[in-house]
Each structure stands twice: as structure tokens, then as C-alpha cells.
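K.L.:
need the 3D shape of this:
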Amino acid sequence: MKKLLILLGFVILFTACEDVVEVDLEEAQPRLIVDAILQWEKGTSGANQTIKLSRTRGFFEQEPNPVSGADIVVRNSSGVEFNFEELALGEYVTDNFEPEVNESYSITIELEGSVYTAEETLKPVVEIESIEQNDEGGFSGEDIELKAFYTDPEGIENYYLFKFFAPFLAFPDFSVFDDEFNDGNRIFGLFSEEDLEPGMEVTIQIHGITKDYFNFLEILLAQAGSAGGPFETQPATVRGNIKNENDSEELIFGYFGLSEVDTVIYTVQ
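P.N.:
Next up is the predicted model:
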């Protein structure tokens, strides 16, 4: 009985000492996010494209913050216009886009009295030639490792984006490459995850991208890998290629880019 009373005393003591700590986070101005990456899958017309607009949200907010009511037009170098209509809240689509490799395109977004613009070129990409599987990959030597091989065109400056989609990933695994030290060689994109298992389907994509988009992604991926928790010092803000014609100081998140894409679906052995 005496031991029970002592135990209860400790519980009451520690319960009485509990304080609720409220963290006062600074409310930042919501920023426009533009997801305008147009992709031309090899073997398709590339006519169907989607652009999404949203705004940043508070640290404790869970719901997305889509942006409605924008007028979005993409134009090629000849002035041909491709209008994007709002199909769902914050989601704008077109079914008549005309992709052409090495063609220059511009985007104009009119929203709430402001005009946002950017320019980019649609870059071609080589095909994924083969997939090699290694069952002794990773730091442990026990992970399944996939290598997606391709041959870089000789004498041409190229930049690549690899995406690996696996069933257990909420978002694809990204990596970017240039050909500075591999011009004209047969090289590969690498994907290694301890959760890969035989029978799983992994979708592998290679994108041809511009040097500017490569630089943007390289910084973004480096910061994503180095960012700490919510109370760590945050990395510098990464600015994309979209600008507000009415306010050059406004920071817009996202990027307007175009790429040709080759896709392979591989079943893990």
C-alpha cells in the first residue's frame, strides 16, 4: 500500500509539472506555386497537358490551397496559342498542344491583376536501352539495385532528369545528370531502395531538359537532401524561371519546363 501511494505521488507530481508549450510560428505571405512541366511521351501526340496552380499554406495546415480563376496561354515561337482551361479547382488542361523538339515556348498566366511569364525550350531525349538488376546493391550489399542504361549523343550538350516510380513511394525518386564527363558514352541512371522486392513494377522515365532546368533541379534536390526539421535553419529559397511582370520582387515557386520523355516499366526479378 505504501509503495502504491509513493507511485501515485510521483504521477501527480509529474502531471502537475506539465506545461503546454505553444510555438509561435511567423505567418509568411502565401506564395504562388506554378506546376507547369509539359511532358511529351515518346510514341504519343503530346496533345494533352496539365498545369496546376496553388499557393503555399501554413505549417500546421493540411489541406491543399489550389488557385482558381487564372487565364493560362502557352505559345510557340510562331505565335500559335494553346489555351489551358480550368477543368478542376486549380487544375488547367489543354487537349491540342503541339510539341516539337528544340522549339521555344512561352507561358502567360493572368491572375488577380498580375501577369506571370516564362520561356523555355522543349528538349529531346534518347531512349532507355536496357535495365540491369543487381541484388547486392546499397550500403548493406543486400538491396536491389536497378540501372537504366542509355547512350548520350556525341558532341551535343545534354541534360537529363531521371524519375523512378515504385509502389511504396509517395513521390518518385529524382536524379539529374549532365554529359560533361560522359559525352558520347553509354551510361546509366541508378535506383536503389531497401523496400524493392521481386514482382514489384517500377516505372522508369528519362527526360531531356534544358541547362537552366537542370541547374534549378540540382539546387532543389541538394536542399531537399540537406533540410532539417521545422526548427532547423532553412536553406536558401530556390527561384524558378517564372516572373511577375508587374512586380519583379515577387517570389514564385515552381517552374515552366518542357521535355521529351521515354518510359520503361520494369518488373523486379
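K.L.:
which residues in the stretch 51-200 of the chain form strands?
P.N.:
In the stretch 51-200 of the chain, the segments counted as strands under DSSP state E, counting those that start in this stretch are 71-76, 81-88, 91-94, 104-111, 114-121, 130-137, 143-151, 159-165, 173-178, 186-193.
K.L.:
reformat those as JSON lines; add distance to residue 223, mean neighbour count and mean pLDDT.
P.N.:
In short, each C-beta sits where N, CA and C put it, glycine included. What follows is the strands of the stretch 51-200 of the chain, written out as JSON lines (distance: least, Cβ to Cβ, whole Å; neighbours: other Cβ atoms under 10 Å; pLDDT from 0 to 100):
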{"stretch": "strand 71-76", "distance to residue 223": "28", "mean neighbour count": "18", "mean pLDDT": "98"}
{"stretch": "strand 81-88", "distance to residue 223": "29", "mean neighbour count": "14", "mean pLDDT": "98"}
{"stretch": "strand 91-94", "distance to residue 223": "27", "mean neighbour count": "19", "mean pLDDT": "98"}
{"stretch": "strand 104-111", "distance to residue 223": "25", "mean neighbour count": "18", "mean pLDDT": "98"}
{"stretch": "strand 114-121", "distance to residue 223": "21", "mean neighbour count": "18", "mean pLDDT": "98"}
{"stretch": "strand 130-137", "distance to residue 223": "26", "mean neighbour count": "14", "mean pLDDT": "94"}
{"stretch": "strand 143-151", "distance to residue 223": "25", "mean neighbour count": "18", "mean pLDDT": "96"}
{"stretch": "strand 159-165", "distance to residue 223": "17", "mean neighbour count": "21", "mean pLDDT": "97"}
{"stretch": "strand 173-178", "distance to residue 223": "13", "mean neighbour count": "17", "mean pLDDT": "94"}
{"stretch": "strand 186-193", "distance to residue 223": "21", "mean neighbour count": "18", "mean pLDDT": "94"}
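K.L.:
show me where the chain has its helices.
P.N.:
2-16, 211-226 (DSSP state H).
K.L.:
chain center to the longest one: distance?
P.N.:
Distance, stretch centre to chain centre, for helix 211-226: 10 Å (Cα atoms, centre = their mean, to the nearest Å).
K.L.:
give the buried residues for it.
P.N.:
Residues of helix 211-226 classed as buried by neighbour count (16 or more other Cβ atoms under 10 Å): 212-214, 216-218, 220.
K.L.:
give me the helices and strands touching that helix, please.
P.N.:
Under the contact criterion of 3 or more Cβ pairs under 8 Å, 6 or more residues apart in numbering; DSSP states H and E, helix 211-226 touches strand 159-165, strand 173-178, strand 253-267.
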